[in-house]
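Enquirer: Structure, please.
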Amino acid sequence: MATPLEKWVEEQAKLLKPDKIYWCDGSAEESRRLIQIGIKEEKIGDNPVFCELNQKTWPGAYFHRSHPTDVARTEQLTYVCHSNKDLAGPNNNWMDPQEAKKLMAKLSDGCMRGRTMYVLPYMMGHPDSPYAKACVQLTDITYVAVSMRIMTRMSRQVIDKIGSSGNFVRGIHSVGDFNPEKRYIMHFPDEHLVWSIGSGYGGNALLGKKCFSLRIASWLGYQEGWLAEHMVVVGIEDPEGNITYVTAAMPSACGKTNLAMLESTLPGYKVWTLGDDIAWMNVGPDGRLYAINPEAGLFGVAPGTSMKTNPNMIRTLKGADFYPTLFTNTALNTGTNEPWWEGLDGPIPADIVDWHGEPWGPDKGIKAAHPNSRFTVSIYNAPTLSREFDNPKGVPISAIILGGRRTHLIPLVTEAFNWQHGVFMGARTGSETTAAAVHKEGVLRRDPMAMLPFCGYNMGDYFKHWLALGKRLSNPPGIYSVNWFRTDEDGKFIWPGFGDNIRVLKWIIDRVNKRVEAKETPLGLIPEMKDLNLEGLDIPQEKISQLFQVDRSQWQHELQDIEKFLNQFGSHTPPELWQEYKALSGKFK
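Expert: Take a look at the predicted model:
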């Protein structure tokens, strides 16, 4: 007798009408076979799905060029289909679930004709973890099948785990004909279903990533009492060998991956990687907050990644073993058959084709690699991988760090007075936009906890959920705001960033481990200068002071903007946040 999973796959096949159905087993041999199909049999426009790169310099690496209209998350085409609009909130596009199903069925009818439908059984989280979730995605392109094997724990064992139960997260994906007019990413939170058509790009197509691990999982967490967050998870080891675990929320392209794989400039300090993008956090039996990274891969922005900015990431990209490494929409050095992007080490090679495949030179006045070009690589390749990565219980979190890209206004580091103040700090977080989302660059956008594009329900209720969860913690983590991006009067970054961010992390772990005092300001607690290790940095004292300056008139303007943002959520905005808002406003009158 057919299981609920088999019946579901059969039902979808009737609608999608693939020529063949192939159930993936997640093996290395299968991955190699799928890559060969992508090289020899599948195309996007005139380009094969995969091209093999120089295996001597980039072992296991392959190149993928997406459809030219399909290069970033398409938030304007992403819908959260709750039973009513109020549940989705102003932070989400909403469509009635029945109407959305009707539209998707029409667009998906026969969309896999002439193709193979790949059935991808995978776990988000370690299979033995009580926090892990079993999932199945259908797709019709090898790029997604191979990427999902890198990014998740894909195996036939997941099918055994699901067994005769209907309890699994469902994902339906087809590239369709790549027509932006027919491109939608629909979420049905109560059915644990994501349905995507028309895009083969990253988060629109790898449905275990933002779609499930954040949008659907945040709704599950709201119902079940845990948090699904857009956060790095790292362990910071001090010279005595003690490890303090922290999470950090930052919008895309604000240095999350660099932070997750940071190479410390301070002797004796090390950063151990558990995740660079997503954290699922649960209240443990001891009343502490525990985090797991549900993913198994890294999906990072290539431009700007180098031995100078993120040496451990370059080592990870060149350390392929059991899993391939994929590069999407970078430029290519055709002389050596290697990926290339702006910011990569060494001189600009002579023979470059840009991400469209056109000959390129620096005089062209455009970037060779797409600003949102990506790499997809297994986290197991990382030389900095924490030995706790596969711990099913997760790691205890001592600090939550909230960051954004602000050229003025926000100090280098600030500690919240308490959990409630920390939630307000997260709620008011803003960032100047980058190329990771479809927006003008450099525009200030409120992005609470870096979750605005990913919270699968009304953000006012999300703030309530954070406040409620804090009350269940007997030993809550400290909450901190960081900003590596302040500039001086010449528009130059004051703080060196990258490996020197360990200096800020050191102060944070010194605070949570009660080793140093702090100074009170209207925004929160900041370091006494003697406790912030600046040894070896060539930054004048007045510039250091600038990193912590609080401009009263700028903040009055900022407060008006925060008020406008919180008002959007109407009665859903918790009164505790308005209390914090009034307290801060009072300090800047």
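
Enquirer: how much space between the residue lying closest to residue 142 once chain neighbours are set aside and residue 137?
Expert: Once flanking residues are discounted, residue 142 sits nearest to residue 38: 4.0 Å by C-beta to C-beta, 6 or more residues apart in numbering. Every C-beta, even on glycine, is put in place using the N, C-alpha and C of the backbone. Between residue 38 and residue 137 the computed distance is 17 Å (C-beta to C-beta, to the nearest Å).

Enquirer: Following the strand or helix carrying residue 424 in sequence, what is the next regular element?
Expert: Using DSSP states H and E, residue 424 maps to helix 419-427. Moving toward the C-terminus from helix 419-427, the next helix or strand (DSSP H and E) is strand 430-432.

Enquirer: counting contacts, what elements does that next one pack onto?
Expert: Packing partners of strand 430-432 (3 or more C-beta pairs under 8 Å, 6 or more residues apart in numbering; DSSP states H and E): strand 444-446.

Enquirer: for the strand it packs on, what is the average pLDDT?
Expert: Averaging pLDDT along strand 444-446 gives 91.

Enquirer: and if you look at stretch 355-369?
Expert: Averaging pLDDT along stretch 355-369 yields 95.

Enquirer: Residues contacting it, please?
Expert: 47, 65, 68, 302-303, 329-332, 340-342, 348, 352-354, 370, 373 (C-beta atoms under 8 Å, 6 or more residues apart in numbering).

Enquirer: Kindly report the same for stretch 568-583.
Expert: Contacts with stretch 568-583, where a contact means C-beta under 8 Å, 6+ apart, come from 89-91, 420-421, 423-424, 427, 458-461, 463-464, 467, 559, 562-563, 566-567.

Enquirer: Could you list the low-pLDDT ranges of this protein?
Expert: Low-confidence segments of the chain, defined by pLDDT under 70, span residues 253, 434-442.

Enquirer: pretty sure residue 372 is touching residue 301, no?
Expert: Yes. Because the distance of 6.5 Å satisfies C-beta atoms under 8 Å, residue 372 is recorded as touching residue 301.

Enquirer: What helices and strands are in contact with the lengthiest helix in the chain?
Expert: Looking across the chain with DSSP state H, the single longest helix is helix 552-567. When contacts are defined as 3+ C-beta pairs under 8 Å, 6+ apart, helix 552-567 packs onto strand 444-446, helix 575-587.

Enquirer: Indicate which one of those is closest to residue 146.
Expert: When those are compared for distance to residue 146 using C-beta to C-beta, the nearest one is strand 444-446, at 32.8 Å.

Enquirer: what's in contact with the helix or strand encompassing residue 505?
Expert: In this assignment (DSSP H and E), residue 505 forms part of helix 502-512. For helix 502-512, contacts defined as C-beta under 8 Å, 6+ apart pick out 236, 238, 244, 246, 262, 264-266, 269, 271, 398-399, 401, 412-413, 415, 477-478, 480, 482, 484, 516, 518, 525, 527, 531-534, 537.

Enquirer: Quick check: can you name the pairing partners of the helix or strand following it and their directions?
Expert: Using DSSP H and E, the helix or strand that follows helix 502-512 towards the C-terminus is strand 518-521. Partner strands and pairing direction for strand 518-521 (DSSP bridges) are strand 524-527 (antiparallel).

Enquirer: Any idea how far the next helix or strand after the strand it pairs with is from the middle of the chain?
Expert: Downstream of strand 524-527, the next assigned helix or strand under DSSP H and E is helix 541-546. Between the centre of helix 541-546 and the centre of its chain there are 32 Å (C-alpha atoms, centre = their mean, to the nearest Å).

Enquirer: Residue 466 falls within a helix, correct?
Expert: Yes. Assigned with DSSP: H, G, I helix; E, B strand; the rest coil, residue 466 falls within a helix.

Enquirer: so what's it up against?
Expert: For residue 466, the contacting residues are 227, 423, 426, 449, taking C-beta under 8 Å, 6+ apart as the criterion.

Enquirer: Equivalent analysis for residue 338, please.
Expert: 53, 54, 57, 58, 332.

Enquirer: closest to residue 74 among these?
Expert: When the contacts of residue 338 are ranked by distance to residue 74 (C-beta to C-beta), residue 332 comes first, at 25.3 Å.

Enquirer: A strand includes that closest one, no?
Expert: Yes. Judged by three-state DSSP, residue 332 forms part of a strand.

Enquirer: Can you give me the neighbour number for it?
Expert: For residue 332, the count of nearby residues is 25 (other C-beta atoms under 10 Å).

Enquirer: tally of neighbours for the closest residue to residue 30 other than its chain neighbours?
Expert: Sequence neighbours aside, residue 24 is the residue nearest to residue 30 in space, at 6.2 Å (criterion: C-beta to C-beta, 6+ apart). Counted with other C-beta under 10 Å, the neighbours of residue 24 add up to 22.

Enquirer: re the thing from before, run the chain-centre distance for the helix or strand encompassing the residue nearest to residue 142.
Expert: Using DSSP H and E, the element containing residue 38 is helix 28-40. Its chain's average C-alpha position is 27 Å from that of helix 28-40, according to C-alpha atoms, centre = their mean.

Enquirer: Which other helices and strands does the helix or strand following that helix contact?
Expert: Remark: after helix 28-40, the chain's next helix or strand is strand 43-44, criterion DSSP H and E. Under the contact criterion of 3+ C-beta pairs under 8 Å, 6+ apart, strand 43-44 touches no helix or strand at all.

Enquirer: can you list the residues that contact strand 43-44?
Expert: For strand 43-44, using C-beta under 8 Å, 6+ apart, the contacting residues are 49, 65, 66, 67, 175, 178, 200.

Enquirer: any idea how far residue 355 is from the third one?
Expert: It stands for residue 66. Going from residue 66 to residue 355 by C-beta to C-beta gives 9 Å.

Enquirer: Repeat that for the fifth one.
Expert: When distance is defined by C-beta to C-beta, residue 175 is 18 Å away from residue 355.

Enquirer: ok, these two, which is more surrounded?
Expert: Set residue 175 next to residue 355 and count neighbours by other C-beta under 10 Å: residue 175 wins out with 28 against 24.

Enquirer: Can you report phi and psi for that one?
Expert: For residue 175, the backbone dihedrals (degrees, to the nearest 10) come out as phi -70, psi -10.

Enquirer: Likewise for residue 168?
Expert: Torsion angles, degrees, to the nearest 10, at residue 168: phi -150, psi 150.

Enquirer: Next, the contact list for it, please.
Expert: Residues in contact with residue 168 (C-beta under 8 Å, 6+ apart) are 5, 133, 134, 135, 136, 162, 192.
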